[in-house]
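*Asks:* Please work out how this folds:
(chains A, B and C)
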Amino acid sequence: MMRIELIKRPQHSALFSALSPIIALVLTLVFGAILFALLGRNPVTAMYIYFVSPLTQVWQIHELAVKAAPLILIAVGLAVCYRSNNWNIGAEGQLTMGAIAGSILPVLVPEYQGVFLLPLMLIMGMAGGALYAAIPALLKVRFNTNEILSSLMLVYVAQLFLDWVVRGPWRDPQGYNFPQTIQFSDAAILPELFPASGRASWAFVFAIVAALIVWFLMAKTLKGFEVKVIGQSPRAGRFAGFSTGRMVLFAFMVSGALAGLAGISEVSATINQLQPVISPGYGFTAIIVAFLGRLNPIGIIAAGLVLALSYLGGEAAQAAIGISDKTARVFQGMLLFFVLASDTLIYYRIRLITSRRAAGEAALEHS
Amino acid sequence: MDAEGGNAGEALLDVRGLTKIFGSLRACDGVDLKINRGEIHALLGENGAGKSTFVKMLFGSLEPYSGEIRWKGDKVRITSPGEARRLGIGMVFQHFSLFDALTAAENIALSLDDGSPIGTIAAKAKALSYSYGLPLDPYSLVGDLSVGERQRIEIIRCLLQTPDLIILDEPTSVLTPQEADKLFETLERLRSEGKSILYISHRLEEVKRMCDGATVLRHGKVVGHCDPRQETAASLARMMVGSEVSAVTRPPVDTKADHSPLLEIRDLSRKAATPFSVPLRAISLSVKAGEVIGIAGVAGNGQGEFFEAVSGEALQDNAGSVRISGKDAGRLSISKRRLLGAAFVPEERLGHGAAPLMSLSENLLLSRYSTDRKAFLGPLGTIRTATIESASERIIKHMDVRMSGKDPEAAALSGGNLQKFIVGRELDRQPSVMVVNQPTWGVDAGAAARIRQALIELARGGSAVLVISQDLDELFEISDYVAVMHDGAMSQPFAIAEATFEKIGLLMGGAAPEQAHPVGEIA
Amino acid sequence: MNILEAVLITIVTASTPLLIAAMGELVVERSGVLNLGVEGMMVMGSVSGFAAAYMTGSPWLGALAAIIVGAVFSLLFAFLTLTLVTNQVATGLALTLLGLGLSGMLGEPFVGHPGVRMDNIHIPGLSDLPLVGGLLFGEDPLFYISILLVIAVSWFLFKTRAGLTLRSVGDNHGSAHALGIPVIGIRYLAVMFGGACAGLAGAQLSLVYTPQWVENMTAGRGWIALALVVFASWRPWRVFAGAYLFGALTIAQLHVQAIDLNSLGFLPGPFYWLLAALKSVPTQFLSSLPYLATIVVLVLISRNRRLTMVNTPASLGRAFVPDR
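*Replies:* Below is the predicted model:
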């Protein structure tokens, strides 16, 4: 009988910290190829279409940035949460609420088109996301309520709220009864970075800046230290004099604000109006981004690009070889599994033992 | 196997060359040990000498790397605790292997492999417990029981399996001296019934008093077999440690120096925060500059809760219930209390006093970022890594912390070395008040002596030192005064010269103070 | 069949999947493992149950396929968390994300096809009794299975030695290991049982509740099942009560949405006005009630820290690496 034995490393392995996301990517590609073969496609062609063809033209790079921006923004916030052991899985809802809050001005006061319009929209979007994230945080601090379940339930609530908003009070009266708001005015649209070559907007810049700021916060400041200590061992955090309750609020509100920023940026730059569905599950995919980036903001930039590519690849594969774009989500799910599995190597050496007591037995026999 | 198999004159257990390797560490290295029928055999050694590893191999919970075990003359392989029980080997664990959410009877049922109904087991357990004078209610929840009662369940569970050999791992470390005496009576009776006992302890007096033979381990190797009755405590200690342990010296308190109280606790009460914690009942105590006060007590009598209240991890309603350096501190956070000059060392090293996966220098920042803000932090709250690392090296040097590599993670250090660092981290600040919970728990003798000496020196330098400990020997070694905690209440402190094991033991068991003063002693 | 009976029967149908999934998770959590992948395992059960029934024509084979797929799918989680000791929360999320993705891909060919419904049982005489006949003797088979499941789990956990062993592993895996109890093995079995239950619960949705395949058709029921286990303080009969509470709420809000006020003129004034008021609330708000109720219930139950502490399996969610 074969079994796997874990042997704890005396210290965590820096080598495998760096290698584990790469191992996970390689394993995902291997299994992806097998999946394509099972679907009756040539794995090499399929892999090329999936992971290379979406990067061959400049406008496609723009698309990559468009998809990566919300993923990076949200994942950077989630990293703060997960590092502090707060399981916010409701980023999709915070994104939705951020989008709604940020759309108040362009939808309700379309005549206002001043220079402060965009900054106000972004701030209101962040506030909307942060406040919505504060609900599960407060419930956790005050009532000890499991934040995983409450934050997730609030996703459904936010989506239904958006549905009501665009079908009810905010519906475009001239919109032929379609469930959508009026189109944002030009002043309310986040500008594109290089309009000549593609659609990538300032949202991508926000994402990179957010990642850098959070990296500095986590790596260089006492606040980041506080996040890490409380996440690793809350009791040591209390001994240090850090407040776990305030940390819950801080982590949730930071990640809610970033998710809200992602939401309003996406609506402003890409969709230009509110509609019942504004995100292909960025809030959930960002969980994968956060882990693939090893909860490190710099790693998350890279991971965000990889996951964005999986979205584009899915679309390309559907167009080119008729594979459902739903394979993208399968890839994403597999990737998270492999990342988590590879992370074991950071803290443990893995030993395969073929026969149950091979070592001991041999020794006993020879004594 | 051979003709001698099962011979009555044969040793019950004969272990030869038993070895266990963890990574690069030889936790047990060719250990030989022999136990006869009806013998109480001691296994002696320091913390980390390999005693627990050795008995876990005997009980089947660890598999040996090499070596052989002969049981009643036959070579056996003990592949699991179930197998050990079938052979007739029972074990009473040091940290108990009990289930808080289950009843005593259910706990016992889990290690009986016969599948009889709980009711039957409960009845049997109750009868057996009374016959040994260790009364037990089989339907009580383990989570509600004291440590002494928990140990009874462990012992009864073990005896119900009618073992020929009973292994006891540090059984008296959780008991009052009186409870320990009761345990010794039980063990004597078991010996007279022909059972053998492997007795693991580092308390030399009790080993001398009870055991017929002893095996001494050091760094995983047997350094000698002896008859403890022929040895002195000092000679046994030498065998265990390998060299003379530098004795801790306690110079007399300087009567001319300033003795103003630096830590005052007045009528401190606290409700139980969780179902498993102990409420504190009107504790008053005052620790003066220059002296060490020790607090004795059996585990689980409110020491942890008391430490939290004094340190500020839990706040009090009344600001005056804790005063540090003459200022009300009951409503202040632990950081603010540190700024008043106090320092704290909790019982748990990993996960409370230190974050396991963080480096030593990060763990230095953990308890000192508020007191050393100017040195350790820059503008915007940035961390000055270089300054902190050099401070960390200073502590490592001063306390002789041994480790591999530069600035390793806390979890990579041995218990003793990490404890030296954690105590050193606070001493480095020259605190005026030091509160330590279990300063040398699980620490080797050399490190323990160093830590104890450092605490005494801190006090003699003009600080107030409060030491909470379950180790009476330690308290006798370092305290000027001793108080006893029982069930959340604290006795009056009395001078160490007036203290005896018996008196402290009675207070630990909950006797009223007047009962703790036998007539003869007062006279 | 009168309206009340019809409503009660739909409540039963809405409650059954919650009950089955929560029952499985209860056993998993009692063994000390927190599997947040219920939603993913459930939706895998929905798609495989639908597909197998569609291809064979037999809803029973569909249910069986869902059970097997659920159990096998849960093995992924078990291997990662128990053998490779990965973080249980993150791995459970991964299982859910993978399940939602994989079911979407596998189910694509089945979208829009009419499903095979598992028929309600019919016992001549009994099922036709007035009032209680349909309710007690004319339900779908999975309802009876769900009730049997509650009885069986309750009996297993509290009346058998194996159940005691499972609870001991959830209470203190260190002690259990020291006594020679195979902690990891027991947890593997518990997780697979949870997977099988979640799979069956998912199949109930695509074979009984709405016999069709729609992507993400579990719509958060797996998460509600997880909340039910906490709500029930890890006790089987309280899970039963909780599941029916939620089933009733779901159905009530659906009925309010669908109600025709004109036909209810016979109701006494206050009832009529209450219904009319509810009816004027936008449907989205009514639809969000089960989710909001989940939060409210969690707040109420976890507010009492002492109570949760006493009831929560002490090893729940903690990593365990046996030393050998």
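*Asks:* From what I see, B:Leu364 and B:Thr385 are in contact.
*Replies:* No. Counting by Cβ atoms under 8 Å, B:Leu364 stays clear of B:Thr385, with 11.0 Å between them. Heads up, the C-betas are built off the backbone N, CA and C, glycines and all.
*Asks:* more neighbours, these two?
*Replies:* Higher neighbour count among B:Leu364 and B:Thr385: B:Leu364, with 28 against 14, using other Cβ atoms under 10 Å in any protein chain shown.
*Asks:* element containing that one?
*Replies:* helix B:360-368 (DSSP states H and E).
*Asks:* Using PDB, write out every CA atom in that helix.
*Replies:* Extracted in PDB, the C-alpha atoms of helix B:360-368 (Å, rounded to 0.1, in the frame of the first residue of the first chain):
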ATOM      1  CA  LEU B 360      13.100  36.300  16.000                       C
ATOM      2  CA  SER B 361      13.600  39.900  15.100                       C
ATOM      3  CA  GLU B 362       9.900  40.200  14.000                       C
ATOM      4  CA  ASN B 363       9.000  38.600  17.300                       C
ATOM      5  CA  LEU B 364      11.100  41.300  19.100                       C
ATOM      6  CA  LEU B 365       9.000  43.900  17.400                       C
ATOM      7  CA  LEU B 366       5.900  42.100  18.600                       C
ATOM      8  CA  SER B 367       6.100  43.100  22.200                       C
ATOM      9  CA  ARG B 368       8.300  46.200  21.900                       C
END
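*Asks:* Any part of that helix near chain A?
*Replies:* Yes. Using Cβ under 8 Å from any Cβ of the partner chain, helix B:360-368 comes into contact with chain A via B:362, B:365-367.
*Asks:* Nearest to B:Pro251 among these?
*Replies:* Distance to B:Pro251 across the residues of helix B:360-368 next to chain A (Cβ to Cβ) is lowest for B:Ser367, with 28.5 Å.
*Asks:* check contacts around that closest one.
*Replies:* A:239-240, B:338, B:343-344, B:353, B:425-426 (Cβ atoms under 8 Å, 6 or more residues apart in numbering or on different chains).
*Asks:* Closest residue of the stretch 151-300 of chain A to chain B?
*Replies:* Taking Cβ to the nearest Cβ, chain B has its nearest neighbour within the stretch 151-300 of chain A at A:Gly241, 3.5 Å off.
*Asks:* what's around that residue, how many residues?
*Replies:* By other Cβ under 10 Å, 20 other residues sit near A:Gly241.
*Asks:* where does it fall, phi/psi-wise?
*Replies:* phi 100, psi 10 (degrees, to the nearest 10).
*Asks:* How about the contacts made by it?
*Replies:* By Cβ under 8 Å, 6+ apart, the contact list for A:Gly241 reads B:312, B:333-335, B:338, B:370.
*Asks:* Could you tell me which residues of the stretch 201-350 of chain B lie near chain A?
*Replies:* So the stretch 201-350 of chain B meets chain A at B:311-313, B:333-335, B:338, B:344, B:346, B:348, B:350 (Cβ under 8 Å from any Cβ).
*Asks:* do that again at 7 Å, thanks
*Replies:* Residues of the stretch 201-350 of chain B lying close to chain A by Cβ under 7 Å from any Cβ of the partner chain are B:313, B:333-335, B:346.
*Asks:* Dump those residues to JSON lines, plus secondary structure and distance to A:Ala203.
*Replies:* As requested, those are arranged in JSON lines below (DSSP: H, G, I helix; E, B strand; the rest coil; distance: Cβ to Cβ, whole Å):
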{"residue": "B:Glu313", "secondary structure": "coil", "distance to A:Ala203": "43"}
{"residue": "B:Ser333", "secondary structure": "coil", "distance to A:Ala203": "41"}
{"residue": "B:Ile334", "secondary structure": "helix", "distance to A:Ala203": "43"}
{"residue": "B:Ser335", "secondary structure": "helix", "distance to A:Ala203": "40"}
{"residue": "B:Pro346", "secondary structure": "coil", "distance to A:Ala203": "47"}
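*Asks:* nearest to chain A, of these?
*Replies:* Checking these against chain A with Cβ to the nearest Cβ, the nearest one is B:Ser335 at 3.5 Å.
*Asks:* what's the burial count for the closest one?
*Replies:* Neighbour count of B:Ser335, defined by other Cβ under 10 Å: 16.
*Asks:* Kindly report the same for A:Ala133.
*Replies:* 34.
*Asks:* which secondary structure element contains it?
*Replies:* Assigned by DSSP H and E, A:Ala133 falls in helix A:117-143.
*Asks:* Run through the residues that contact A:Gly283.
*Replies:* A:74, A:91-92, A:95, A:259 (Cβ atoms under 7 Å, 6 or more residues apart in numbering or on different chains).
*Asks:* can you check A:Leu117 too?
*Replies:* Per Cβ under 7 Å, 6+ apart, neighbours of A:Leu117: A:105, A:187-188.
*Asks:* Can you check those and name whichever has the most neighbours?
*Replies:* Highest neighbour count within these, by other Cβ under 10 Å: A:Ala188, with 25 neighbours.
*Asks:* which residue sits closest to that one, ignoring its sequence neighbours?
*Replies:* In space, and not counting its chain neighbours, A:Ala188 is closest to A:Pro106: 3.7 Å by Cβ to Cβ, 6 or more residues apart in numbering or on different chains.
*Asks:* which residues touch the one you found?
*Replies:* With Cβ under 7 Å, 6+ apart, A:Pro106 has these contacts: A:121, A:184-185, A:188.
*Asks:* next one: phi and psi at it?
*Replies:* phi -60, psi -20.
*Asks:* Pick out the residue of the stretch 101-250 of chain C closest to chain B.
*Replies:* Here the stretch 101-250 of chain C gets closest to chain B at one residue, C:Gly180, 3.1 Å apart by Cβ to the nearest Cβ.
*Asks:* Can you give me the buried ones in the strand or helix carrying B:Ala27?
*Replies:* Assigned by DSSP H and E, B:Ala27 belongs to strand B:25-35. Residues B:26-29, B:31, B:33-35 are the ones in strand B:25-35 that count as buried (16 or more other Cβ atoms under 10 Å in any protein chain shown).
*Asks:* Out of those residues, the closest to C:Met309 would be?
*Replies:* Using Cβ to Cβ, these come closest to C:Met309 at B:Ala27, 35.7 Å.
*Asks:* Pretty sure B:Ile197 sits against B:Leu190.
*Replies:* Yes. Using Cβ atoms under 7 Å, B:Ile197 is in contact with B:Leu190, at 6.4 Å.
*Asks:* Cool, thanks, signing off.
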